[in-house]
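Asks: sharing a sequence plus its predicted fold:
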Amino acid sequence: MTLGLINANPVVQAKKEGLVRREDQYRDDGVDPLEMTKYVRDIRDPEHPYTLEQLRVVSEESVTVDDKLDRILITFTPTIQHCSMANIIGLCLRAKLKECLQLHYKVDIRVSPGSHADEVSVNKQLNDKERVVAALENPNLRQLVDECIYSDEI
Amino acid sequence: MDLMEKNLELVEIQKLEGHTDRVWSVAWNPVSSQADGVSPILASCSGDNTVRIWEQSSLSRSWTCKTVLEETHTRTVRSCAWSPSGQLLATASFDGTTGIWKNYGSEFDCISTLEGHENEVKSVSWNASGSHLATCSRDKSVWIWEVLEGNEYDCAAVLTGHTQDVKMVQWHPTMDVLFSCSYDNTIKVWWSEDDDGEYQCVQTLGESNNGHSSTVWSISFNAAGDKMVTCSDDLTLKIWGTDIARMQSGEDYAPWIHLCTLSGYHDRTIYSAHWSRDDIIASGAGDNAIRLFVDSKVDSVDGPSYNLLLKKNKAHENDVNSVQWSPGEGNRLLASASDDGMVKIWQLATKP
């Protein structure tokens, strides 16, 4: 862990109130991307006292649902190209979704294309199930992740 | 017997419940699953930090959990392997240790704990004679351990070379040649030329050898040991072959070459592949399905080709992490393990 903040001056936007539901057709038991966004937008950034939504790390466009194949793709945009917190943010997204989602959805998490210098290696690690499980079993990492995903309850 | 002509199906014999977290791996006891008059035994290991031993009752034919190996590993048990004699069970854990358990029939005792890896141990494998064990880890190394008298284990070698997390190790079925596969997308072959315990990496199967383009999750050999199948996050299975006679003559190392790639059959990571004694390759993948492949037996200058024999959709309610054929002759039993916390026993049978 570096001593200084990776990004000392993040751009912060106001929290959006009342996201408007679109008139799209979703299965009754299907997953609504808007619902998904609600789960993840309030996750606190690991470095700054702002939510992922406020830092524009996630937005409504972050979630893509394939209802036929029961797959969800989440893309997130780290605040800077060399963000070393990208893996932590990815873990937070997975941990939060694991609680909210029905078990049978497959979730893929990626950094938005072009948003990170190590895009390929970050994406690979975030989608290696075994690595994610082992990381979340690490008490230090787990604590950091919990602080980020439960911050609104603290 | 042409398998493709028979109308085959994978029938679920039983669902084994008990683990309280995902099941990562299953292993058939090599002795009790084959001998007449002895009940087949299966070990399963889980994210609940335990290993369960399941046995089939000779009377009722149903499977029950005989014993739970717990209070030893403090984190996920990722894989387990029986020694060739069936007397010992090795368990590889994310807690960085490998447990060695002695099989006393209705009880198991942890007789030794192998330490040394810097972080999670992913896989463990016994060689054909049971004289050595291999383990691998996220620390990028492969360790070889020698089995000594009196439940003692000595580290015989620490093999470095992989540039990333090593996912699985597998000894060749007949020779003391060790194979490892990794997050670095390669398969490495380790051999001690003078049989003096000095293992070297004699071959690396990477993209330039028609190898995988993403993490390689598992390796399995056919019974003859002249072919192996590997599976990957790149959504393919690859078949490799070697001149086994040349290798067995001990003259020099016979390299493995790529024979065939099975692509277009999987659209999620393939976590496990296993080659049965009667040449059926089973795969377990992240789309909850089990697939079976057989050699098409079509003579071609391009080498062998494989056909999909059948696909079992929704074999589990979540990712299939491990598939293993029973070593027994003729029964065509397959065990599978999943993120849904279940172990299932299947039978490949002709449709009625």
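Replies: The structure has been received and is ready for your questions.
Asks: report the next helix or strand after the helix or strand hosting residue B:110 in sequence order.
Replies: Assigning secondary structure by DSSP states H and E places residue B:110 in strand B:108-114. The helix or strand immediately downstream of strand B:108-114 is strand B:121-126, counting by DSSP H and E.
Asks: near the residue nearest to residue B:224 when sequence neighbours are not counted, how many other residues are there?
Replies: Distance criterion C-beta to C-beta, 6 or more residues apart in numbering or on different chains; nearest residue to residue B:224, sequence neighbours excluded, is residue B:244 at 6.7 Å. C-beta here means a position set from N, CA and C on the backbone, and glycine is covered the same way. By other C-beta atoms under 10 Å in any protein chain shown, 16 other residues sit near residue B:244.
Asks: report the separation between residue B:244 and residue B:325.
Replies: Taking C-beta to C-beta, to the nearest Å as the measure, residue B:244 falls 21 Å from residue B:325.
Asks: quick check: residue A:145 is in a helix.
Replies: Yes. According to DSSP: H, G, I helix; E, B strand; the rest coil, residue A:145 belongs to a helix.
Asks: so what's it scoring on pLDDT?
Replies: Looking at residue A:145, its pLDDT reads 93.
Asks: also residue A:153?
Replies: We note a pLDDT of 61 for residue A:153 in this prediction.
Asks: then residue B:150?
Replies: On the pLDDT scale, residue B:150 is placed at 91.
Asks: same question, residue B:25
Replies: You'll see residue B:25 listed with a pLDDT of 98.
Asks: so who does it touch?
Replies: By C-beta atoms under 8 Å, 6 or more residues apart in numbering or on different chains, the contact set of residue B:25 is B:44-45, B:78-80, B:321-322, B:337.
Asks: filter the residues you listed by proximity to chain A?
Replies: residue B:78 (C-beta under 8 Å from any C-beta of the partner chain).
Asks: among the contacts of residue B:25, the buried ones, what's the PyMOL command?
Replies: Typed into PyMOL, the line below selects the buried ones among the contacts of residue B:25, using 16 or more other C-beta atoms under 10 Å in any protein chain shown:
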select buried, chain B and resi 44+45+78+79+80+321+322+337
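Asks: spatially central residue for chain A, please.
Replies: By C-alpha atoms, centre = their mean, chain A has its centre lying nearest to residue A:93, at 3.4 Å.
Asks: check the secondary structure at that one for me.
Replies: What three-state DSSP gives for residue A:93 is helix.
Asks: that one touches residue A:40, doesn't it?
Replies: Yes. With contact defined as C-beta atoms under 8 Å, residue A:93 and residue A:40 form a contacting pair (5.8 Å).
Asks: find residues that contact each of those two.
Replies: Contacts common to residue A:93 and residue A:40, judged by C-beta under 8 Å, 6+ apart, are A:58, A:74.
Asks: close to chain A: what parts of chain B are there?
Replies: B:22, B:47, B:75-76, B:78, B:94, B:119-120, B:122, B:138, B:165, B:167, B:183, B:214-215, B:233, B:268-269, B:286-287, B:317-319, B:340.
Asks: switch to 6 Å and redo it
Replies: B:75, B:94, B:120 (C-beta under 6 Å from any C-beta of the partner chain).
Asks: make TSV out of those and add pLDDT and distance to residue B:257.
Replies: Output for the residues of chain B next to chain A, formatted as TSV (pLDDT from 0 to 100; distance: C-beta to C-beta, whole Å):
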residue	pLDDT	distance to residue B:257
B:75	97	39
B:94	98	35
B:120	98	32
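Asks: among these, name the buried ones.
Replies: The buried subset of those - by 16+ other C-beta under 10 Å - is B:75, B:94, B:120.
Asks: just the strands in the stretch 251-352 of chain B please.
Replies: B:257-262, B:270-275, B:280-285, B:290-295, B:306-312, B:320-325, B:333-338, B:343-350 (DSSP state E, counting those that start in this stretch).
Asks: any weak-confidence spans in chain A?
Replies: Applying pLDDT under 70 to chain A picks out residues A:1-4, A:14-30, A:103, A:152-154.
Asks: all the helices of it, in order from the start?
Replies: Assigned by DSSP state H, chain A shows helices spanning A:33-41, A:86-100, A:119-126, A:129-137, A:139-149.
Asks: among these, which comes closest to chain B?
Replies: Among the helices of chain A, helix A:129-137 comes nearest to chain B, with 5.1 Å by C-beta to the nearest C-beta.
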